[in-house]
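Student: What follows is a predicted structure for the sequence shown.
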Amino acid sequence: MYDPLHERSPGCGEPYPESYWADHAGPAPADDGVLMHDLTVDVVIIGAGYTGLSAAYHLATEHGVQAVVLEANQLAWGCSGRNAGFVLRSSGRKPYAEMQKQWGESVMRGVYHEFCQGVDLVKSMIDKGIDCDRQDPGYLRMAHKPSMVKTLQAQADLLHRTFGSDVELLTQQQVRSQYVDDQQSFGALRFADGFGVNPLKLAYGYQRLARAAGAKIHTASPVLNWTTEGRTQILHTPNATLRAKKVILATNGYTPKHFHQGVQARTLPVLSQIIVTEPLNSAQLAATNFQTSHVVMDTRALKYYYRKLPDNRLLFGGRGAITGKDAADPYYADRLLQVLKLSFPALQTLRYGYQWSGWICMSLDDIPHIHQADPFGDVVYSMGYCGSGLAYSVQAGKRLAEKVMGLAQPDLPMFNRPLPKFPFAPLRRVGQWGYFHYGKWKDQWW
């Protein structure tokens, strides 16, 4: 599997992974094909995932700029077409209580509202006519051991007191009797506004909106070489060369090694693994008391997450291999199935029908950053969604469009400072290995 820490290109025209989403999204919408002729444009966007498509759409609809989008492989080939389809009002991996302590209440509130706008923007885009198999709203954050109930209570108190959020703390009995009989749940915090979608169909919808607004989207057109003449950005693809005033980097966890010095060593791509089971029959649904289509995530440091899909299959996800060369090892999918059966002992004979993995993008400080990659602001990026990019990446694309147009950004850490560099960057994977072992110990004993 392509590994962005070791390879300089994700390929050219590579097919989608054999995922449930690719099998159920239908044919990809028409695009502008391989770029075959040289162009001079105002804005080039690299990456046709949520961030890039949103930036293209908002540049066209709000600023009258028809950008050119370059995608190395297929539309939403990266994380945008591989994720679990959870639309959440999430702050990445950094808790709001920690933001309050580090930055103060005003900044914490600003970040919270920025993420709320991200969810609202996704909803408004879907309401433009995107068919993405949207499920009924609701998100359960499950306590994976009794001691985590107090942590959820503290989170609920902060959300109620500070933001007036509509959250409800559920007891173990309430979870198991009213939602799902998860044997590893000791209670849950229920959010009313999260929901599940088919993420690839959602990307298809964004693409149609962007092209209808005038954006050009070229697949199988990777950037093989990148140079500058003065402040002109020159991007070389296999069959053409583009000259642009501005470039938006929308490659996130799939950014190749040494792609641009302004983002080098500032992210850690981490593999997330997903399985989708065969459909549950009526007896299995009854035995697990699976009454809900809420999206579910637990409180572990090494999180597991799941949801019941519209055809009664279970999607279950967690961490995958550390390196791309190990991504195809069946151990990681088999391990997820074993963990799923710990939660649902009645499903001992259940098998998975799909398994795939994809890179999520971690930042050193656990929040995304929208910033410039060069001294002039001619190259801008949004990266480091920390596994919570489905909702916020669309808002980030809108912010990137504003940024290349020279508009002011909110005075928040995600905008006013760049992605921090990882210390001892060549050893990032060693640190990841160490964190996985620490997390395993913490989840069991702390």
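Tutor: Done, it's in.
Student: What segments of this structure are helices?
Tutor: Listed in chain order, the helices of the chain (DSSP state H) span residues 20-24, 50-63, 96-103, 105-126, 148-158, 172-178, 199-212, 282-288, 330-343, 389-404, 413-416, 428-445.
Student: and the gap between the residue of the chain positioned farthest from its centre and Asp378?
Tutor: Residue farthest from the centre of the chain, counting by C-alpha atoms, centre = their mean, is Gly230 at 34.6 Å. As defined by C-beta to C-beta, to the nearest Å, Gly230 lies at a distance of 10 Å from Asp378. Where you see a C-beta, it was placed from the backbone N, CA and C, and this is true even at glycine.
Student: Ok, Gly262 next?
Tutor: With distances taken as C-beta to C-beta, Gly262 is found 10 Å from Asp378.
Student: Which neighbours do those two have in common?
Tutor: Contact criterion C-beta atoms under 8 Å, 6 or more residues apart in numbering; residues shared by Gly262 and Asp378: Gln372.
Student: Tell me where the stretch 151-300 of the chain has strands.
Tutor: In the stretch 151-300 of the chain, the strands defined using DSSP state E, counting those that start in this stretch lie at 167-170, 188-191, 195-196, 216-218, 225-229, 232-236, 241-249, 268-277, 295-298.
Student: for these, which one sits closest to Gly434?
Tutor: For Gly434, the closest of the strands of the stretch 151-300 of the chain is strand 268-277, at 12.5 Å, according to C-beta to C-beta.
Student: and that closest one with helix 428-445, angle?
Tutor: Between strand 268-277 and helix 428-445, the angle comes out at 50 degrees (axes from the mean of the first three to the mean of the last three C-alpha atoms, to 10 degrees).
Student: Listing partners with orientation, what would you give for strand 268-277?
Tutor: Neighbouring strands of strand 268-277 in its sheet, by DSSP bridges, are strand 314-319 (antiparallel), strand 352-362 (antiparallel).
Student: Same question for the last one: list its buried residues.
Tutor: Residues 352, 354-362 are the ones in strand 352-362 that count as buried (16 or more other C-beta atoms under 10 Å).
Student: what about Ala22, neighbour count?
Tutor: 20 (other C-beta atoms under 10 Å).
Student: hang on, the earlier thing: kindly present the buried residues of strand 352-362 as CSV, with separate columns for distance to Leu280 and pLDDT.
Tutor: Output for the buried residues of strand 352-362, formatted as CSV (distance: C-beta to C-beta, whole Å; pLDDT from 0 to 100):
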residue, distance to Leu280, pLDDT
Tyr352, 12, 98
Tyr354, 15, 98
Gln355, 17, 98
Trp356, 20, 98
Ser357, 23, 98
Gly358, 25, 97
Trp359, 30, 98
Ile360, 27, 96
Cys361, 33, 97
Met362, 33, 96
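Student: who touches stretch 287-297?
Tutor: So stretch 287-297 is contacted by 84-88, 135-136, 138-142, 176-182, 190, 194-196, 280, 303-308, 310, 344, 346-347 (C-beta under 8 Å, 6+ apart).
Student: distance of the residue farthest from the centre of the chain from Val263?
Tutor: Counting by C-beta to C-beta, the gap from Gly230 to Val263 is 21 Å.
Student: Find the residue at the geometric middle of the chain.
Tutor: Geometric centre of the chain, nearest residue: Gly389, 3.2 Å, by C-alpha atoms, centre = their mean.
Student: could the buried residues of strand 352-362 be laid out in a markdown table, adding distance to Gly33?
Tutor: What follows is the buried residues of strand 352-362, written out as a markdown table (distance: C-beta to C-beta, whole Å):
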| residue | distance to Gly33 |
| --- | --- |
| Tyr352 | 35 |
| Tyr354 | 29 |
| Gln355 | 31 |
| Trp356 | 26 |
| Ser357 | 29 |
| Gly358 | 25 |
| Trp359 | 26 |
| Ile360 | 29 |
| Cys361 | 28 |
| Met362 | 34 |
